[in-house]
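Undergrad: Structure, please.
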Amino acid sequence: MIALLAALAMLPSLYSGITSGNDMAQHYQFAVTAYDSLVSGQIYPSIAGTMNHGLGDVSFRFYPPLSYYVLASVYLLVHDWYIASLFSFFLVFFVGGTGVYLWAKEEFSSAQSLLAAGIFIFAPFHLNEIYNNFLLAEFSASAIIPFCFLFLTRVVRRGGLLDVLGLAISYALLVLTHLPSTVICSIALLIHGLVLLKSSPVKRSLLNLSIAVTLGLAMSSFYWLRMLTEIDWVKHSGELYSSGIWGYQTNFLFAPGRLINFQDDSLNLWLADLMLLAMLLLSVPTIVFLVRKRTQMSSYVSAVLAVFVLTVFMTSPLSEQVWANVSFLQKVQFPWRWLAVLSGVGSVFASIGLFKVSDALKNSRSIVLPIAIGSMIIVYVFTSAVVVKGAVYNSRDGFNLSIENLNGRETFEGWWPTWAQPAAFSREQKISLSGRENSIVEWTPSEKEFVVQPGVGETAAVAALYYPHWTASINGRPVPVSPTETGLITIEIPPELSQVDLKFEEPLKIKAAFGISGLAWLTTVILVIIGLASGRRKEIN
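TA: Numbers count the residues shown, from 1 in each chain. Alright, predicted model coming up:
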């Protein structure tokens with residue numbers, strides 16, 4: 001049933017084509033980079049060599065890679081970006097729906113859990129992530145978030161080995177998919193866990209949660225360590241990308257000023273307002289049910305309610321002081337990103353009331369209740385329909401051609417090194433020397449070797465963007481590397497015959513992080529196998 005619902009969510013793309021969005025080009029440039037690394041055997045590149053007119057690109061060092069490797073792996077099998085994209089999108093809808101179902105199943109019946117999965121798959125913001133804005137990484141992360149809540153719930157309630165490992169893997173995959181979603185989800189998981197702890201052994205649960213988070217961070221350290229230590233080297237760390245249209249101040253939902261002066265909505269957030277409203281309306285039956293309920297709520301429902309309230313609060317101007325005083329939260333940029341968590345949590349929350357209402361409708365003779373419930377559902381369905389209807393679709397041939405044309409093009413400026421300038425891309429020669437002959441021996445993304453004939457000593461400009469990890473040697477002797485005014489690499493060439501070796505080398509701490517991640521994944525896989533085998537033996541006995 002979940003697979004069928006996921007297929008239904010894909011019908012517009014199956015019929016009309018792959019959608020476009022502001023971020024589409026950037027996401028597929030990453031996917032092309034992932035594919036190039038897979039076919040070259042490098043697996044996870046330090047630098048991409050084909051983008052930016054062959055000058056190299058360091059974006060992959062900062063953007064989480066998982067969603068692009070999934071897309072690239074499917075493309076490796078089918079050799080068609082259009083088909084690979086359709087299958088990858090279906091996979092996200094299916095996996096996310098399965099996660100919501102399993103999480104809801106921890107407390108509710110199979111039927112109600114399936115209802116929650118269906119609400120999530122067709123949630124307006126969830127559809128918007130891929131149909132309208134093409135937020136591929138965020139869309140992919142939304143399929144992992146429910147599993148983080150699922151295994152957190154299981155760790156607190158039971159605390160078995162497989163539960164701890166499941167949370168560790170889910171959290172690691174979330175880190176490797178989308179950073180803003182990781183920050184938001186981490187806060188939501190903290191609140192969810194604190195409420196759940198009221199009915200569980202606190203010390204044991206805290207120990208298990210600490211182990212899971214630590215293991216998850218270890219498994220993903222190969223990515224986040226170099227991202228955190230090098231983020232100041234790219235333009236995205238500048239004030240430009242945390243203010244104005246990029247700042248939290250102008251991206252709250254239900255902002256009174258924008259609602260009054262809707263004709264001057266330069267950010268086009270009215271649709272996001274409608275998405276939030278649709279989820280709130282669908283949750284009204286649950287709110288009414290909980291208010292009228294005489295017995296105390298279970299810790300599970302209390303935890304879901306707490307996260308639901310938190311996500312709504314964080315999207316609205318009511319939370320402005322929180323955003324203003326929590327610096328790391330400002331890196332998320334957009335308060336509406338909390339809708340990614342709300343889509344999953346809200347689906348489980350809304351299913352509570354809707355499932356109870358279905359029983360009430362059977363015994364009710366009044367038309368008021370059916371009309372009220374129908375109106376709420378209509379708003380929800382209408383909002384999802386607006387998202388899908390407003391998307392811009394591309395045919396198979398046009399889409400594949402657009403992806404092919406991305407290779408070599410300039411990447412998003414926010415991920416350029418701070419010293420890089422557009423003028424650098426006009427460089428035509430790989431080695432610029434005024435009067436000395438030179439020949440290229442090797443030219444790969446991470447290694448460039450060339451020979452310069454004897455002559456007057458001068459400075460050579462190399463057609464590659466400077467980055468601090470580039471090292472150079474001439475005739476076996478280390479020499480300094482520096483950037484030009486436009487951000488290209490320059491090397492001082494002596495008068496004699498010079499064999500120049502230019503290499504991009506990861507620092508020792510990054511190499512250590514790769515080793516830690518590999519060891520953590522190996523340990524986790526072994527423990528999962530042991531846990532599964534142990535559980536199987538218990539079933540047999």
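
Undergrad: elements contacting the helix or strand containing residue 96?
TA: Using DSSP states H and E, residue 96 falls within helix 81-105. Secondary-structure packing of helix 81-105 (3 or more C-beta pairs under 8 Å, 6 or more residues apart in numbering; DSSP states H and E): helix 2-16, strand 18-19, helix 66-78, helix 110-121, helix 124-131, helix 136-157, helix 339-363, helix 396-404. In short, each C-beta sits where N, CA and C put it, glycine included.

Undergrad: Using CSV, lay out those together with mean pLDDT and distance to residue 254.
TA: CSV is the format used below for the helices and strands packed on helix 81-105 (pLDDT from 0 to 100; distance: least, C-beta to C-beta, whole Å):
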stretch, mean pLDDT, distance to residue 254
helix 2-16, 94, 27
strand 18-19, 90, 27
helix 66-78, 95, 30
helix 110-121, 95, 21
helix 124-131, 93, 14
helix 136-157, 95, 21
helix 339-363, 87, 12
helix 396-404, 90, 36
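
Undergrad: if we can go back for a sec, what's the spacing between the helix holding residue 96 and its chain's center?
TA: 14 Å (C-alpha atoms, centre = their mean, to the nearest Å).

Undergrad: Please apply the same query to stretch 198-217.
TA: The answer for stretch 198-217 is 25 Å, by C-alpha atoms, centre = their mean.

Undergrad: Do a quick rundown of the strands in this protein.
TA: Listed in chain order, the strands found in the chain under DSSP state E are 18-19, 393-394, 431-432, 438-443, 447-452, 458-465, 470-474, 477-479, 482-483, 488-493, 498-504.

Undergrad: partners of the second one, with directions?
TA: Take DSSP bridges as the rule and strand 393-394 pairs in its sheet with strand 18-19 (antiparallel).

Undergrad: The third one too?
TA: In the sheet containing strand 431-432, its partner strands are strand 458-465 (antiparallel), by DSSP bridges.

Undergrad: do the same with the fifth one
TA: Based on DSSP bridges, the strands next to strand 447-452 in the sheet, each with its direction, are strand 438-443 (antiparallel), strand 498-504 (antiparallel).

Undergrad: Pick the most buried one from the ones you listed.
TA: Compared across the strands paired with strand 447-452, strand 498-504 shows the largest average neighbour count, a mean of 19 (mean count of other C-beta atoms under 10 Å).

Undergrad: Tabulate the CA atom coordinates of stretch 323-336 in CSV.
TA: Provided in CSV are the C-alpha atoms of stretch 323-336 (Å, rounded to 0.1, in the frame of the first residue of the first chain):
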residue,chain,number,x,y,z
TRP,A,323,16.5,32.7,16.2
ALA,A,324,18.2,35.9,17.2
ASN,A,325,20.0,34.5,20.2
VAL,A,326,21.0,31.0,18.9
SER,A,327,23.7,31.6,16.4
PHE,A,328,24.0,28.1,15.0
LEU,A,329,20.2,28.1,14.3
GLN,A,330,20.7,31.1,12.0
LYS,A,331,22.8,28.9,9.7
VAL,A,332,19.6,27.1,8.8
GLN,A,333,18.6,30.4,7.2
PHE,A,334,14.9,29.7,6.6
PRO,A,335,12.4,29.1,9.4
TRP,A,336,10.1,27.4,6.9
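
Undergrad: who wins for proximity to residue 331 among the helices and strands packed on helix 81-105?
TA: The minimum distance between residue 331 and the helices and strands packed on helix 81-105 falls on helix 136-157, with 14.5 Å, by C-beta to C-beta.

Undergrad: Next, the angle helix 110-121 makes with that closest one.
TA: 150 degrees (axes from the mean of the first three to the mean of the last three C-alpha atoms, to 10 degrees).

Undergrad: so how far is helix 136-157 off the chain centroid?
TA: 13 Å.

Undergrad: Likewise for stretch 417-426?
TA: Relative to its chain's centre, stretch 417-426 lies at 27 Å (C-alpha atoms, centre = their mean).
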